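Visitor: Here you go, sequence then predicted model.
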Amino acid sequence: MKKEKTPFHGIKLFTGIALCFILTSCNGQATNGDKQNVTKETIQSPDSKKQISSVVRMMYQDSKGIFWFGAEGGAFKLAGDSLIHIDSIRSESGGRVTIKDITEDKDGTIWIGHTDGISSIVGTLVTNYYESDGLISNDVWCIETDVNGNVWVGTIEGACIFDGQGFNNFDLPEGKIDTTVGVSSTKMIHSILEDGKGTMWLSTNAGLFSYTNKKLKNISDEVGVPTNFISKIVEDKKDGFWVSTSTGLFHLKENILTNVSEMHFEEIKGTGSIIVDHKGDVWFNCGRSIYRLSADKLAEYRIEEGNYGPLTFQIYEDQQKRLWFVGFGGAYRYENDRFINITQNGPW
């Protein structure tokens, strides 16, 4: 497959983004933003209070230490102390896209999943891929790369794998529509993970699946996950996994599933983003509520004094072991027991 590679043009900062955002369920999902044009300009005197974007859906720090931010206004790269908008990531019709996920392959290529396909970035060259190139659906929700250099793509219509030459659909059982959220389907893939042993994990609307040695397993059926709707799975340092679902947080180890939420909450609370930090503490959110589970102690955090603050889409730990919380309302970093709003002017 031969694709045209387009250099992206760096524009420092930006302004004038028109957004359409609809809050939905407790797991922090949102409907797609309208595909509107974005007015860009170079800001000579940046406003230190101006957000990176009104909605930052995703961030990523690559192997070179460079930060990438995915928003409803597109993708941004931090170059020095300046945010660069990557203007070449476009839909097939030339419109703006909403970034859903960012990852990096073994060769250092950045891969971005968005509302109108996927895009790769090598240096300053951007290559966009669409359904017309063999992608199973342009509505991409997650993207992951494996040790062999394959790119796994999760969409609203299922999963596929890009091997550098073409796309191959990855068959999964059909699930259910989640009626509690604004966007859902029976084939929805929410997240994909490659663990430390090379096993691929897929969080879907049909449950949790693992894939290794060309064998697919329905883990939900094996261990008895009580919901079809799996948001995310992350690996800890003790050969265990933490599973975020529409009915709460679970821990999985050696095929034993533990309902962690019922130990700490009196009612069902669906969970969204989740990470295990360098200390082994588990951070997760339920809508605007942010929690940290350290050993058996659960603590709740609020970004803003007096209320729960912005809705977090992603919790992320960078290479400096700093915690980030990005979502509706911008980006925040947790330092010295307080949340700092990270704007277009940093602090980085």
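Guide: Looks like it came in fine. Numbers count the residues shown, from 1 in each chain.

Visitor: So which residue is dead centre in the chain?
Guide: For the chain, the residue nearest the mean C-alpha position is residue 101 (4.4 Å; C-alpha atoms, centre = their mean).

Visitor: Thought residue 151 was touching that one, still the case?
Guide: No - counting by C-beta atoms under 8 Å, residue 101 sits too far from residue 151 to count as a contact (11.3 Å). (C-beta placed from N, C-alpha, C; glycine too.)

Visitor: Strands of the stretch 201-348 of the chain, residue ranges please.
Guide: Applying DSSP state E, counting those that start in this stretch to the stretch 201-348 of the chain gives strands spanning 207-212, 215-218, 230-235, 241-245, 248-253, 256-259, 274-276, 282-286, 289-294, 297-301, 311-317, 323-328, 330-335, 338-342.

Visitor: could you dump these to CSV with mean pLDDT?
Guide: Shown next, in CSV, are the strands of the stretch 201-348 of the chain (pLDDT from 0 to 100):
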stretch, mean pLDDT
strand 207-212, 98
strand 215-218, 98
strand 230-235, 98
strand 241-245, 98
strand 248-253, 98
strand 256-259, 98
strand 274-276, 98
strand 282-286, 97
strand 289-294, 96
strand 297-301, 95
strand 311-317, 96
strand 323-328, 96
strand 330-335, 95
strand 338-342, 94
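
Visitor: re the thing from before, which residues pair with the residue nearest to the centre of the chain across the strands?
Guide: residue 113 (DSSP bridges).

Visitor: Now do the shared contacts for residue 101 and residue 151.
Guide: residue 143 (C-beta atoms under 8 Å, 6 or more residues apart in numbering).

Visitor: Now for residue 300: which residues touch it?
Guide: 289, 290, 291.

Visitor: Quick check: of those residues, which lies closest to residue 87?
Guide: Nearest to residue 87 among the contacts of residue 300: residue 290, at 33.1 Å, using C-beta to C-beta.

Visitor: Bridged to that closest one, which residues?
Guide: Counting by DSSP bridges, the residues bridging with residue 290 are residue 285, residue 301.

Visitor: where does this protein have low pLDDT?
Guide: Within the chain, the stretches with pLDDT under 70 are 1-4, 8-49, 306, 308.

Visitor: Swap in 80 and give it another go.
Guide: Within the chain, the ranges that satisfy pLDDT under 80 run 1-49, 304-310.

Visitor: so how many other residues sit close to residue 221?
Guide: 12 (other C-beta atoms under 10 Å).

Visitor: Tell me if I'm right that it and residue 206 touch.
Guide: No - Residue 221 lies out of contact with residue 206 (C-beta under 8 Å); the separation is 10.1 Å.

Visitor: need the contact list for the residue nearest to the centre of the chain.
Guide: Residue 101 sits in contact with 58, 70, 112, 113, 140, 141, 142, 143, 191, where contact means C-beta under 8 Å, 6+ apart.
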